[in-house]
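Visitor: Predicted model follows, preceded by the sequence.
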Amino acid sequence: MLADIQCEMNADVDWARVRESYPAQHPLLNLNNAAVSPPPLVVEQAVIDAYRFVSKNPDVNMWTGLDAKLPDIKRQLATLADCDAEEIALNRNASEGLSVAIFGIALSAGERVLVSPWDYPSALGGWRQRQTREGVVVDTVTFDLLASDEEIAAAYSSAMRPATRVLHLTHMIHWTGRVLPVARLCALARERGIITIVDAAQSFAQMPISFRGLGCDFFVTSLHKWLGAPVGNGMLIINRRCLRETWPLLAPFDATPDTADKFDHWNLGTYNSALQAGIEPAIRLHREIGVANIHARLSALTRYWTTRVADIGGLRIHTPLDTDTLGAVSLFSIAGIDTARLERTLRQSFSVHVKYRRVGQLEGLRVSPHIYMNEADLDVFVAALHAAVKEAN
């Protein structure tokens with residue numbers, strides 16, 4: 001562990017030591033951490049040790065041993081997220097948490113839900129399913145992802161109707177990294193008695209964030225992206241006032257209508273408890289570095305590479321760069337160049353992995369470095385991009 005790393009913002013963080021705490025990435029330069037990031041080595045080892053521990057006496061060691069630690073893990077997550085531990089349910093990822101909210105909120109035919117085309121596809125699919133099966137009306141608000149916060153707030157406000165019951169929001173848009181003014185939008189919804197769901201899969205642990213500060217009813221995230229927990233871990237936070245009236249996605253083992261336990265993924269039945277053993281060391285490392293330092297570092301890495309590709313003709317960055325909310329995730333395109341082909345060229349010819357993204361008329365390559373990366377890694381990407389563009393022309 002990095003015992004000498006300072007937590008305070010503006011403290012000197014030894015990023016070389018941070019890099020050594022992660023497994024080396026090969027054969028590809030991994031610039032798609034927004035999808036899934038590698039866990040730190042200490043997290044990886046914790047899972048291996050826990051799996052071996054389970055194997056020695058599965059029935060006892062899994063449930064009496066590992067699962068007994070979950071309440072403390074929830075307390076630690078509650079400190080990070082600024083909520084009560086009793087409002088937290090642990091699950092497999094943000095998609096599962098979103099499904100709990102989408103299918104668990106009681107709605108009647110004719111009642112309305114407000115979404116945007118920038119929300120996560122499976123979440124939109126869930127709402128469309130409720131529309132088809134139950135007659136819930138799904139409205140879509142449209143806005144430019146490069147618009148101002150004021151323009152975006154105005155668009156949402158205008159789209160809210162008297163029958164709107166749920167507002168579905170994405171904090172950081174996974175397509176481009178744009179951060180929406182979610183606290184302001186939740187306040188607008190609260191004034192009108194509208195339930196709010198916030199998809200924070202990309203923002204949690206990447207930047208300072210507060211469940212209480214956002215003022216939402218449901219908060220959903222994955223823990224395998226920016227926190228560094230093992231793949232297969234997610235978190236759902238449900239405001240206490242919504243616990244009783246929200247239906248669980250799976251029938252709970254115990255009758256606990258007033259607690260978040262009814263949403264925990266142990267209701268699946270037997271599952272791999274060893275994966276959750278990696279959450280605590282991930283939290284510990286995250287705290288040692290400090291979320292403000294992490295956000296500042298990720299923002300700096302994004303600004304580093306974007307300034308070094310600005311000389312490429314026709315290049316367009318689809319992410320606001322001149323903002324305090326800039327993080328690791330951004331999207332770019334180059335006029336006249338086939339974006340999907342450019343992704344393949346970077347991977348096959350230069351061993352650089354970025355992610356092709358397309359939604360509606362927006363198309364580009366998403367770039368998302370992580371704290372284990374450095375400027376030299378981004379120099380490799382910048383050189384590869386220049387070479388690939390030259391080749392394409």
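Guide: Thanks, I have it. The structure displayed is predicted, hence computed values, not measured ones.
Visitor: Could I get the full set of strands for the stretch 51-200 of the chain?
Guide: 88-91, 112-115, 137-140, 164-170, 195-199 (DSSP state E, counting those that start in this stretch).
Visitor: Show me how this structure divides into domains.
Guide: For the chain, the structural domains run 15-39+290-392, 44-284, going by automatic domain parsing.
Visitor: how about the strands of the stretch 51-200 of the chain, which one is nearest residue 65?
Guide: strand 88-91 (16.4 Å; CB to CB). C-beta coordinates here come from the backbone N, C-alpha and C atoms, glycine included.
Visitor: thinking again about what came up before, for the domains of the chain, could you give me CSV that also reports mean pLDDT and mean neighbour count?
Guide: Below are those laid out as CSV (pLDDT from 0 to 100; neighbours: other CB atoms under 10 Å):
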stretch, mean pLDDT, mean neighbour count
domain 15-39+290-392, 98, 17
domain 44-284, 96, 19
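Visitor: still on that earlier bit, any chance of the strands of the stretch 51-200 of the chain in JSON lines, plus distance to residue 21?
Guide: What follows is the strands of the stretch 51-200 of the chain, written out as JSON lines (distance: least, CB to CB, whole Å):
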{"stretch": "strand 88-91", "distance to residue 21": "24"}
{"stretch": "strand 112-115", "distance to residue 21": "38"}
{"stretch": "strand 137-140", "distance to residue 21": "43"}
{"stretch": "strand 164-170", "distance to residue 21": "30"}
{"stretch": "strand 195-199", "distance to residue 21": "28"}
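Visitor: Relative to residue 332, which of the ones you listed is closest?
Guide: Of these, nearest to residue 332 by CB to CB is strand 164-170, at 20.0 Å.
Visitor: list the helices and strands the closest one packs on?
Guide: Under the contact definition 3 or more CB pairs under 8 Å, 6 or more residues apart in numbering; DSSP states H and E, strand 164-170 sits against strand 112-115, helix 182-191, strand 195-199.
Visitor: got those as a markdown table, with distance to residue 213 columns?
Guide: Below are those laid out as a markdown table (distance: least, CB to CB, whole Å):
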| stretch | distance to residue 213 |
| --- | --- |
| strand 112-115 | 22 |
| helix 182-191 | 6 |
| strand 195-199 | 11 |
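Visitor: Which of the strands of the stretch 51-200 of the chain sits closest to residue 217?
Guide: Here strand 195-199 is closest among the strands of the stretch 51-200 of the chain (CB to CB), at 5.1 Å.
Visitor: That closest one pairs with which strands?
Guide: strand 164-170 (parallel), strand 218-222 (parallel) (DSSP bridges).
Visitor: which residues of the stretch 201-350 of the chain fall in strands?
Guide: 218-222, 234-238, 315-317, 330-334.
Visitor: counting contacts, what elements does the third one pack onto?
Guide: In this structure, strand 315-317 makes packing contacts with strand 330-334, judged by 3+ CB pairs under 8 Å, 6+ apart.
Visitor: Spit out the contact partners of residue 92.
Guide: Shown in contact with residue 92 (CB atoms under 8 Å, 6 or more residues apart in numbering): 232, 233, 234, 265.
Visitor: Residue 48 versus the last one, what's the distance?
Guide: Translated: residue 265. 21 Å (CB to CB, to the nearest Å).
Visitor: Ok, the first one next?
Guide: Between residue 232 and residue 48 the computed distance is 14 Å (CB to CB).
Visitor: The strands paired with strand 195-199: which one's closest to residue 361?
Guide: Nearest of the strands paired with strand 195-199 (CB to CB): strand 164-170, 18.4 Å.
Visitor: I'd like to know which of the strands paired with strand 195-199 lies nearest to residue 80.
Guide: The minimum distance between residue 80 and these falls on strand 218-222, with 10.2 Å, by CB to CB.
Visitor: can you give me how far the closest one is from the chain middle?
Guide: In terms of CA atoms, centre = their mean, to the nearest Å, the centre of strand 218-222 is found 8 Å from the chain centre.
Visitor: And for stretch 88-103?
Guide: 12 Å.
Visitor: Also stretch 309-316?
Guide: Chain-centre distance of stretch 309-316: 28 Å, with CA atoms, centre = their mean.
Visitor: repeat for stretch 129-144
Guide: 23 Å.
Visitor: Stretch 292-306 too?
Guide: 17 Å.
Visitor: What are the contacting residues of that stretch?
Guide: Under CB under 8 Å, 6+ apart, the answer for stretch 292-306 is 6-9, 11, 13, 15, 177, 205-208, 226, 286, 317, 319, 321, 326-330, 332, 367, 369-371, 373, 375, 378, 381-382.
Visitor: mind exporting it as CSV, just the C-alpha atoms?
Guide: Taking C-alpha atoms only, stretch 292-306 is exported to CSV below (Å, rounded to 0.1, in the frame of the first residue of the first chain):
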residue,chain,number,x,y,z
ALA,A,292,-9.7,15.6,-5.0
ASN,A,293,-6.2,14.6,-6.0
ILE,A,294,-7.6,11.9,-8.3
HIS,A,295,-9.9,14.3,-10.0
ALA,A,296,-7.2,16.9,-10.5
ARG,A,297,-4.8,14.2,-11.9
LEU,A,298,-7.4,12.8,-14.3
SER,A,299,-8.4,16.3,-15.5
ALA,A,300,-4.7,17.1,-16.0
LEU,A,301,-4.2,14.0,-18.1
THR,A,302,-7.1,14.8,-20.3
ARG,A,303,-5.9,18.4,-20.9
TYR,A,304,-2.4,17.0,-21.6
TRP,A,305,-3.3,14.8,-24.5
THR,A,306,-6.0,17.1,-25.9
